[in-house]
Structure formats: C-alpha cells, structure tokens
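**Student:** requesting a structural model of the entry that follows:
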Amino acid sequence: MSTTAIEQDCGAAMGKAVDFFKQELRGLRTGRAHPGLIEHVKIEVSAYGSTMELRELATISVPDPGTLLVKPFDPGTLKDIEKGVQGSSLGVTPINDGKNIRLPIPPLSGERRQQLVQQVRKTAEAQRIAIRNARRDANKAIDAEEKAKSLSEDEAKSLKDRIQKLTKKYEDEIDHILTVKAKEIEEV
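**Tutor:** Residues are numbered from 1 along each chain as shown. Reported below is the predicted structural model:
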C-alpha cells in the first residue's frame, strides 16, 4: 500500500467520525425548535406497509421558536405520523388539528440541559476514540510497509508525523463542534 493511500484512508475514516458526530447532534434537542429534531423519526405507515422517516412523509416548519408544524403530503398518513411522534423518545405530545400536527417544544430545565451536555460529551469522546483507532490502523499499516522494506525509516517517520497532524486536526474539529453545541444547549 502506498503512503498516499494510507494517508487518504486514514483521513477518510477520521472524516467519517466527524460527519457521524454532526449527524448525531442534528437530532439533539436544544432550547429552541428546529426540524432536525423530528425529521429522522421513523413512522410506521400502515397505508404504505412500510416504515419511513418523517421528512419523507411531511414538510416540517417552525412557525415560532417553541413549536414545530408538520404538514403531511398525504392526509391519510396523519394518524400514523401522530402515533409515531408520540412513540418517539422526544417526550412531546402532538396536537392534531385534522390537517396538520403541531408539536409544542417545552423549554429545557437546568437539570435536563446538563444531561444533554453530558450526552454530547460522551458522543464526542466516542468519535475521538474512532479517530484514534484510525490513527492506530494507519500506524500499523506504516509499520508493516516498513517491515516489508517498501518504506524507509525516514519515510515511515514522516508519514506517522503527518498522520498525527491529521489526528490533531480532526480531534480539534470534534472539540469545536462540542463547544458550540454545549453552548447552544446551555443557552436559555
């Protein structure tokens, strides 16, 4: 395996860890309503005989900072959407007016905010570990190439240094995202 391939594979794995972290945070509740809270909620639609994400069944808008409005594309799925949202882990009671569903998002308590910040920190640490695992795998590949005499000792050291810089870059990105999200959660 060439040095650029090792470096690219490592960078791609680290990038995936950061992307996963961003995706995980999209569905996390903060002090205000946003469509990302519910767009990935799985809805069992009896009329279609399948499970679909809410964003595939309806438009989600934010009429005011404390409310989400769900407008189904097919009015026949309204009851399924209501049942799916009620059964989700959001803890929000949907209000069905016959055409749309309103979701009042209550403000977070101080205790709940701290729990959410802890949850974000745990997720961040898990992704830092994934980044370090990618570094470890790259270093093992470098050692194997060096042992097979396809890399000199200097080339191996140089490549390991570049891998370490990549690791630092992606860990700093995780830390930045964590700081921004924690600040957003703690904001009243």
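
**Student:** what sits up against stretch 42-49?
**Tutor:** Counting contacts by Cβ atoms under 8 Å, 6 or more residues apart in numbering, the residues outside stretch 42-49 that touch it are 51-54, 57, 74, 76-77, 80-81, 83-85. C-beta here means a position set from N, CA and C on the backbone, and glycine is covered the same way.

**Student:** span of that stretch from start to end?
**Tutor:** Its first and final residues considered, stretch 42-49 spans 13 Å by Cα to Cα, to the nearest Å.

**Student:** check the offset of that stretch from the chain's centre.
**Tutor:** The gap between the average C-alpha position of stretch 42-49 and the chain average comes to 25 Å, counting by Cα atoms, centre = their mean, to the nearest Å.

**Student:** for the record, mean pLDDT for it?
**Tutor:** Averaged across stretch 42-49, the pLDDT comes to 79.

**Student:** name the nearest of the contacts of stretch 42-49 relative to residue 23.
**Tutor:** Residue 23 has its nearest neighbour among the contacts of stretch 42-49 in residue 53, at 13.0 Å by Cβ to Cβ.

**Student:** you'd agree that closest one is up against residue 40?
**Tutor:** Yes - counting by Cβ atoms under 8 Å, residue 53 touches residue 40, with 5.5 Å between them.

**Student:** kindly report the domain assignment for the chain.
**Tutor:** For the chain, the structural domains run 3-26+109-186, 35-104, going by automatic domain parsing.

**Student:** in the host helix or strand of residue 136, what counts as buried?
**Tutor:** For residue 136, the host element (DSSP states H and E) is helix 110-147. Within helix 110-147, the residues scored as buried using 16 or more other Cβ atoms under 10 Å are 113, 116-117, 120, 123-124, 127-128, 130-131, 134-135, 138-139, 141-142, 145-146.

**Student:** show me the shaky parts of the chain.
**Tutor:** For the chain, the stretches flagged by pLDDT under 70 are 27, 29-32, 89, 188.

**Student:** recalculate using a threshold of 90.
**Tutor:** 1-7, 22-70, 72-120, 145-153, 155-156, 181-188 (pLDDT under 90).

**Student:** which parts of this protein are strands?
**Tutor:** Ranges of strands within the chain are 42-45, 50-53, 58-64, 67-72, 95-96, 101-104, based on DSSP state E.

**Student:** what about residue 33, how many neighbours?
**Tutor:** As a burial measure, the neighbour count of residue 33 was computed by other Cβ atoms under 10 Å and equals 23.

**Student:** tell me how far it lies from residue 112.
**Tutor:** As judged by Cβ to Cβ, to the nearest Å, residue 33 and residue 112 stand 15 Å apart.

**Student:** what number of residues lie near residue 76?
**Tutor:** Using other Cβ under 10 Å, residue 76 has 12 other residues around it.

**Student:** not counting sequence-adjacent ones, nearest residue to it?
**Tutor:** The shortest distance from residue 76 to any residue that is not its chain neighbour, by Cβ to Cβ, 6 or more residues apart in numbering, is 5.4 Å, and that residue is residue 47.
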